[in-house]
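Student: Below are the sequence and a predicted model; questions follow.
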Amino acid sequence: MKVLIADHPLITHKLTVLRDKETNSQVFRHLVEELVTLLAYEATREVKIHPVDIQTPVTKTRGAMLSTPRPVVVPILRAGLGMLEGMMRVIPSADVGFLGMVRDEKTLQASTYANRLPKDLKGRQCFILDPMLATGGTLIAAIQYLLDLGATDIIAICIISSPEGIKAVGDAFPNTNVHLVTGAVDEKLNEHGYIVPGLGDAGDRLYGVV
Ligand code: URA
């Protein structure tokens with residue numbers, strides 16, 4: 001798996017504020033959106049385009065536009081939803097599919113509880129949004145779900161990743177076109193499956209505890 005750590009100083013700055021436990025939900029949500037916009041810029045570097053001829057006020061010229069079928073953006077519910085707005089700002093004509101995944105806090109196993117996706121993802125670039133790549137269980141299940149629908153080109157955008165999660169996802173998909181774009185690779189996972197230093201529970205910090 002190709003991993004891109006987008007360690008731009010602005011990303012590191014915003015991440016530091018995001019991690020701070022004093023940062024409230026409103027600021028947290030805003031920062032997540034901004035961070036995703038910056039990460040999306042890197043993640044869409046190889047988005048498919050095709051040449052088009054246009055007429056400027058001055059002359060004819062050849063440019064390029066996004067190809068069809070459009071990419072599909074797939075936020076993983078619940079925390080990935082906080083990343084959707086920032087992603088759509090960069091690529092507003094993308095289609096959006098939803099995948100609801102929950103991890104059992106004891107076994108750390110992920111299971112799907114909801115999905116709303118195109119039936120056929122053949123030939124479509126898919127961008128999975130999930131803020132925290134922790135054990136990798138959720139992301140592996142989500143990637144497998146998209147591969148089973150025919151996706152061949154999958155890019156996961158995670159704000160913070162753990163070394164354990166990156167290894168698990170890489171090992172699970174050794175020969176597929178799966179990439180990861182992340183803002184940081186943290187130190188480790190703790191015994192509860194939380195990323196250290198991390199930022200705590202991303203869903204809770206975005207939307208409050210339910
Ligand atoms: N999910 C989170 O929200 N935070 C972690 O640290 C790990 C998984």
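Tutor: Thanks, I have the structure now.
Student: Mind pulling up the pLDDT for residue 210?
Tutor: pLDDT for residue 210: 64.
Student: List the contacts of the helix ranked longest in the chain.
Tutor: Longest helix of the chain, by residue count under DSSP state H: helix 25-43. Defining contact as C-beta atoms under 8 Å, 6 or more residues apart in numbering, one finds that helix 25-43 is touched by 4, 6, 8, 10-11, 14-15, 17-18, 23, 82-83, 85-87, 89-91, 127, 129, 131, 155, 157, 159, 179, 181-183, 202, 205-208. (C-beta placed from N, C-alpha, C; glycine too.)
Student: Around the ligand, which positions in the protein sit nearby?
Tutor: Proximity of the chain to the ligand is confined to 79, 132, 134, 193-195, 198, 201-203 under the rule C-beta under 6 Å from any ligand atom.
Student: Now which of those residues would you call buried?
Tutor: 79, 132, 134, 193-195, 198, 202-203 (16 or more other C-beta atoms under 10 Å).
Student: Point out where this protein drops to low pLDDT.
Tutor: Applying pLDDT under 70 to the chain flags the ranges 210.
Student: OK, contacts around residue 149?
Tutor: Here residue 149 is in contact with 117-121 (criterion: C-beta under 8 Å, 6+ apart).
Student: Now do the contacts for residue 208.
Tutor: Contacts of residue 208 by C-beta under 8 Å, 6+ apart are residue 25.
Student: just residue 130 next, same as before
Tutor: 75-76, 79-80, 83, 138-139, 142, 156-158.
Student: again, only using 7 Å
Tutor: By C-beta atoms under 7 Å, 6 or more residues apart in numbering, the contact set of residue 130 is 76, 79-80, 138-139, 156, 158.
Student: and if you look at residue 159?
Tutor: 32, 35, 131-132, 183.
Student: what about residue 142, helix or strand, and which?
Tutor: If you go by DSSP states H and E, residue 142 is part of helix 137-148.
Student: Where does residue 126 sit, in terms of helix or strand?
Tutor: strand 125-129.
Student: Check which helices and strands the helix or strand that that strand is followed by is in contact with.
Tutor: Proceeding N to C from strand 125-129, the next assigned helix or strand is strand 132-133, under DSSP H and E. Contacting strand 132-133 under the criterion 3 or more C-beta pairs under 7 Å, 6 or more residues apart in numbering; DSSP states H and E are the following elements: strand 153-161.
Student: what about 10 Å?
Tutor: helix 137-148, strand 153-161, helix 163-172, strand 178-185 (3 or more C-beta pairs under 10 Å, 6 or more residues apart in numbering; DSSP states H and E).
Student: The nearest residue to residue 60 once chain neighbours are set aside and residue 65, how far apart?
Tutor: In space, and not counting its chain neighbours, residue 60 is closest to residue 53: 6.4 Å by C-beta to C-beta, 6 or more residues apart in numbering. Using C-beta to C-beta, to the nearest Å, residue 53 is found at 11 Å from residue 65.
Student: Compare these two and say which one has the larger neighbour count.
Tutor: residue 65 (11 against 8; other C-beta atoms under 10 Å).
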